[in-house]
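Visitor: Fold the following.
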Amino acid sequence: AQPPSLPPSPPLPPSNTWECPAGTGMTLTQAASTGDTGIFVSCYVEGLKMGDFIALNGATYEVVGLAVPSGRRRLFQGFPITVLPGLTDAASSGDLVKAV
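Guide: Residues are numbered from 1 along each chain as shown. Got it, this is the predicted structure:
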């Protein structure tokens, strides 16, 4: 008879936990106001880097800063993206942010 097998230990989350799962996009995790240059998103789409452009509510912004969390630390409010120019319009939590 075989000894009872131990349940497998849960795998550690991958280091790329900031990447959006396939088929999903970035959404705002908190509201942003007109003029804000910092937004927080649920995840980063694969390949997003400084110098890229994102679209939010019909306006396009340049990505000038990203803060990929170190290790498995996830920022409570989401993942920050610094954009220029400042937002031309207020945005709501849950709004879609697209890489363009």
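
Visitor: thought Gly90 was touching Thr34?
Guide: No, residue 90 isn't Gly; it's Ala. Yes: the criterion here is Cβ atoms under 8 Å, and Ala90 meets it with Thr34 at 5.2 Å. No exception for glycine: its C-beta is placed from N, CA and C like everyone else's.

Visitor: out of the two, which sits in the more crowded spot?
Guide: Counted by other Cβ atoms under 10 Å, Ala90 and Thr34 do not tie: Ala90 has more neighbours, with 13 against 10.

Visitor: For that one, list the residues it contacts.
Guide: 31-34 (Cβ atoms under 8 Å, 6 or more residues apart in numbering).

Visitor: top of those residues by neighbour count?
Guide: Ala32 (22 neighbours).

Visitor: In the protein, which residue is most central in space?
Guide: Cys43 (2.4 Å; Cα atoms, centre = their mean).

Visitor: picking that back up, and of the contacts of Ala90, the nearest to Val97?
Guide: Using Cβ to Cβ, Ala32 comes nearest to Val97 of the contacts of Ala90, at 10.1 Å.

Visitor: quick one: pLDDT of the closest one?
Guide: As predicted, Ala32 sits at a pLDDT of 96.

Visitor: Extract the residue ranges of this protein that are flagged as low pLDDT.
Guide: Residues of the chain meeting the criterion pLDDT under 70: 1-17, 68-76.
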